[in-house]
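> 3D, please:
(one chain, ligands or ions: 1)
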Amino acid sequence: MIPLGPRDPGPVRPDPARLPTTPTTRFAPAPSGYLHLGHLVNAVYTWGVAAATGGRVVLRIEDHDRQRSRRAFATAILDDLERLALIPDEPTIAELRAGPSAYRQSDDPAPYAMAVATLRAQGRVYACTCPRAALLAWRGPGCPGDCRRAGLPHDLPSTALRAWLGEGEDGNGPGVESFDDLLLGTRAGDPPVGGDLTLRDRHGNWSYPLCVVVDDLRHGVDLVIRGRDLLDATPGQRRRGRLLGRATPPAFLHHPLLRKPSGAKLSKADHDTAIRDLLDGSATPADLLGFAAAAVGLVESFRPLPAAAVGTLFAP
Ligand SMILES: [Zn+2]
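Modelled structure (predicted):
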């Protein structure tokens, strides 16, 4: 179908005995482009594990970034999922089409504002006026301007809100977070990678690291299935969940990625892999799901895989 790079090393299929029973997992695309074959790998894992374990799939439209998100892409994502017969358990696609929804981030800022208020009450939130370029280059703690110490007002225009998530001064335990990935085994990391967390950017967008934790908690997600490119973000995600009152962190499964021959992961910039274009061509939905499963090594060789059969890949 398209030329792919080498497969990610490491295990591909989780031990069925280790999978949680009746988990709630989620498929959470950002509508900044069309669904592509990389998303389809995630969909095969998400719907497949849910089907094999009696679990449920929550669909969430992650359009917290209002500059990059487009309603047209969100609509196209719903169309593509229906064509693929990848149907979420919650909410219905009709509900998402009909109007405001708790499963579309741009529809209601209140949960994110409440989370920021929680972190503010812990004394963690500060306004940051550092230029973007300086932040991107920053590798130390906090931010280059030491804005936390400056104590700027939080409501200035064109100012980012950030949160200090460090440990040690508040009795929250050691700095390293360890977790047991369902595919990769025990992993550990230090959460505050690259300085402090951005909660709200200078354009007024809630950040991905804030929204994902708030939404997984309020949507009852207890199994996060996602690509290995997000593995390093997981310690911080667990830490943020705890600071926001999550008693038990979700389980995590980080699956292999589809890569281009260069080794870079497929992205929405790779227009030749858009699901809608492939379906408008000669590919069937079962062809695309089968291709995704074979490309990461879930099956030995390509065979068509209808959506109703993705659970067989993860069954005991
Ligand atoms: Zn700053």
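
> Just confirm residue 61 contacts residue 77, I think it does.
Yes. Between residue 61 and residue 77 there is a contact at 7.2 Å, judged by Cβ atoms under 8 Å. Every residue, glycine included, has its C-beta placed from N, CA and C.

> what is in contact with these two at once?
Taking Cβ atoms under 8 Å, 6 or more residues apart in numbering as the criterion, residue 61 and residue 77 both touch 29, 31.

> Distance check, residue 155 against residue 204.
11 Å (Cβ to Cβ, to the nearest Å).

> If you count surrounding residues, which of these two has more?
residue 204 (14 against 8; other Cβ atoms under 10 Å).

> what separates that one from residue 118, distance-wise?
Residue 204 is 19 Å from residue 118, by Cβ to Cβ.

> same check, this time on residue 38
Relative to residue 118, residue 38 is positioned 34 Å away (Cβ to Cβ).

> neighbour count winner among those two?
The residue with more neighbours, out of residue 38 and residue 118, is residue 38; 21 against 15, by other Cβ under 10 Å.

> That one contacts residue 265, correct?
Yes. Taking contacts as Cβ under 8 Å, residue 38 lies within contact range of residue 265: 6.5 Å.

> Mind listing the shared neighbours of these two?
227, 257-258.

> Strands of this structure, residue ranges please.
24-27, 56-59, 125-128, 160-163, 177-181, 185-189, 197-200, 223-227, 251-255 (DSSP state E).

> Could you spell out the sheet neighbours of the last one, each with its direction?
Note on strand 251-255: by DSSP bridges, its sheet partners are strand 223-227 (parallel).

> residues contacting the residue of the chain positioned farthest from its centre?
Most distant residue from the mean C-alpha position of the chain: residue 150, 32.7 Å away (Cα atoms, centre = their mean). When contacts are counted by Cβ under 8 Å, 6+ apart, residue 150 touches residue 126.

> contacting residues around stretch 94-106?
When contacts are defined by Cβ under 8 Å, 6+ apart, stretch 94-106 is touched by residues 58-64, 66, 69, 74-75, 78, 90-91, 107-108, 112, 206, 211, 215, 218-219.

> Need the distance between the two termini of it.
18 Å (Cα to Cα, to the nearest Å).

> again with stretch 30-45
18 Å.

> before we move on, what about stretch 138-155?
24 Å.

> one step back: single out the most deeply packed of the strands of the chain.
strand 160-163 (a mean of 25; mean count of other Cβ atoms under 10 Å).

> For the closest residue to residue 120 other than its chain neighbours, give its distance to residue 278.
Excluding the flanking residues, the one nearest residue 120 by Cβ to Cβ, 6 or more residues apart in numbering is residue 154, at 7.6 Å. According to Cβ to Cβ, residue 154 and residue 278 sit 46 Å apart.

> Ok, residue 3 next?
For residue 3, the distance to residue 278 (Cβ to Cβ) stands at 15 Å.

> These two: which has the busier surroundings?
Using other Cβ under 10 Å, the more surrounded residue of residue 3 and residue 278 is residue 278, with 22 against 7.

> Can you read off the pLDDT for that one?
At residue 278, the model reports a pLDDT of 93.

> can you check residue 220 too?
pLDDT, residue 220: 97.

> same deal with residue 187?
Here, the pLDDT recorded for residue 187 equals 89.

> repeat for residue 178
Residue 178 carries a pLDDT value of 84.

> what sits against it?
Residue 178 neighbours (Cβ under 8 Å, 6+ apart): 186-189, 235.

> wait, which of these is closest to residue 179?
Taking Cβ to Cβ as the measure, residue 179 lies nearest residue 187 of these, at 5.9 Å.

> From the ion, how far out is that closest one?
The gap separating residue 187 from the ion is 30 Å, by Cβ to the ion, to the nearest Å.

> and the gap between that residue and residue 283?
For residue 187, the distance to residue 283 (Cβ to Cβ) stands at 36 Å.

> Tell me where the stretch 1-150 of the chain has helices.
Under the criterion DSSP state H, counting those that start in this stretch, the stretch 1-150 of the chain contains helices at 37-53, 71-84, 93-98, 110-121, 132-137, 147-150.

> what pLDDT does residue 136 get?
pLDDT recorded at residue 136 is 83.

> Just give me the neighbour total for it.
When neighbours are counted by other Cβ under 10 Å, residue 136 registers 9.

> First-to-last residue distance for stretch 275-285?
From its first residue to its last, stretch 275-285 covers 9 Å (Cα to Cα).

> actually stretch 135-147, not the one I wrote
Start-to-end, stretch 135-147 (Cα to Cα) is 12 Å.

> buried residues in it?
135, 138, 142-145, 147 (16 or more other Cβ atoms under 10 Å).
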